[in-house]
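**Q** have a look at this prediction, sequence included:
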Amino acid sequence: MARTPSTAAPERVRDSARTRAEILDVATAEFAARGYDGSRVDEIAALTRTTKRMIYYHFGGKKQLYIAVLERAYSRIRTAERGVDVDDLDPVDALRRVAGVTFDHHGAHPEFIRLVSIENIHNAEHVKELVEMVDLAGPVVSLLDGILRRGRAQGVFRADVDAIDVHMMISAFCVFRVANRHTFGTIFGRDLVDPARHDHYRAMCADMIVRYLAA
């Protein structure tokens, strides 16, 4: 029996969304492993169930595909941050929760850390284009700013540190732990992502931020 237009159209949309997601999954792994210059659209196509032509159809080219990979990677951490419910928490516990969410996300997504490192090698060439299309900073700055304002009003946070400073400190700890695990482990003989030390480092991250901010 032939499909009616009403059922065929939604299925085509779902198929297109699945194809796009599969391409992004493979492209993320390739760009994270090989960098922007070392990755090839031909290879990405070969690792998917689609063709190079379809990749160009969905994204336009290698550069656009890479920017789409970056956009999805950043949107995932911003989505996780926006999902943090801090309204019913006191400022100290709220800050601990945000630090914990970042810690968990970065540990679970080492490909994100590699992509960020690659973009820094390229002097944020592609992120500069991405920020013209997507607000990468607003959600986390707004979240932290609200927590800091409540903490200052209650007299528990110092007033000379802003939301961007706090975000930098949280990111510095969480990114270092994942990005430098191999060199750090080789030099000091300690695996920074050892599951046995997960809770220790998670608490350390939050403690560092809270104690620094203490009024």
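**A** Done, it's in.
**Q** thought Ile113 was touching Thr102?
**A** No: using CB atoms under 8 Å, Ile113 makes no contact with Thr102, being 11.6 Å away. To be clear about C-beta, it is placed using only N, CA and C from the backbone, and glycine gets the same treatment.
**Q** quick one: the residue nearest to Met133 when sequence neighbours are not counted from Leu130, how far?
**A** Of all residues not flanking Met133 in the chain, Glu71 sits nearest, at 7.6 Å (CB to CB, 6 or more residues apart in numbering). Applying CB to CB, to the nearest Å, the value for Glu71 to Leu130 is 6 Å.
**Q** which secondary structure elements does the one helix or strand Ser16 maps to sit against?
**A** Secondary structure from DSSP states H and E places Ser16 in helix 5-38. Under the contact definition 3 or more CB pairs under 8 Å, 6 or more residues apart in numbering; DSSP states H and E, helix 5-38 sits against helix 41-46, helix 52-59, helix 62-82, helix 110-121.
**Q** dump these to JSON lines, plus mean pLDDT, mean neighbour count and distance to Val98.
**A** What follows is the helices and strands packed on helix 5-38, written out as JSON lines (pLDDT from 0 to 100; neighbours: other CB atoms under 10 Å; distance: least, CB to CB, whole Å):
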{"stretch": "helix 41-46", "mean pLDDT": "94", "mean neighbour count": "16", "distance to Val98": "34"}
{"stretch": "helix 52-59", "mean pLDDT": "92", "mean neighbour count": "16", "distance to Val98": "33"}
{"stretch": "helix 62-82", "mean pLDDT": "94", "mean neighbour count": "18", "distance to Val98": "7"}
{"stretch": "helix 110-121", "mean pLDDT": "96", "mean neighbour count": "18", "distance to Val98": "17"}
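**Q** so which of these gets nearest Ala206?
**A** Closest approach to Ala206 among those is made by helix 62-82 (14.9 Å; CB to CB).
**Q** what's that closest one in contact with?
**A** Contacts to helix 62-82, defined as CB atoms under 8 Å, 6 or more residues apart in numbering, come from residues 23-24, 27-28, 31, 36, 39, 41, 44, 55, 59, 98, 101-102, 105-106, 109, 111-112, 115, 119, 126-127, 129-130, 133-134, 136, 139-140, 143.
**Q** cutoff 6 Å now
**A** 24, 27-28, 31, 36, 41, 59, 101, 105, 112, 115, 126, 130, 134, 136, 139-140, 143 (CB atoms under 6 Å, 6 or more residues apart in numbering).
**Q** in the chain, which helix or strand is least confident?
**A** Ranking every helix and strand in the chain by mean pLDDT, DSSP states H and E puts helix 5-38 at the bottom, with a mean of 83.
**Q** for that one, which positions count as buried?
**A** Neighbour-count burial for helix 5-38, with 16 or more other CB atoms under 10 Å as criterion, is recorded at 19-20, 23-24, 26-32, 35-36.
**Q** which two in those residues are spaced the farthest apart?
**A** Thr19 and Gly35 (24.5 Å).
**Q** thank you kindly, that will do.
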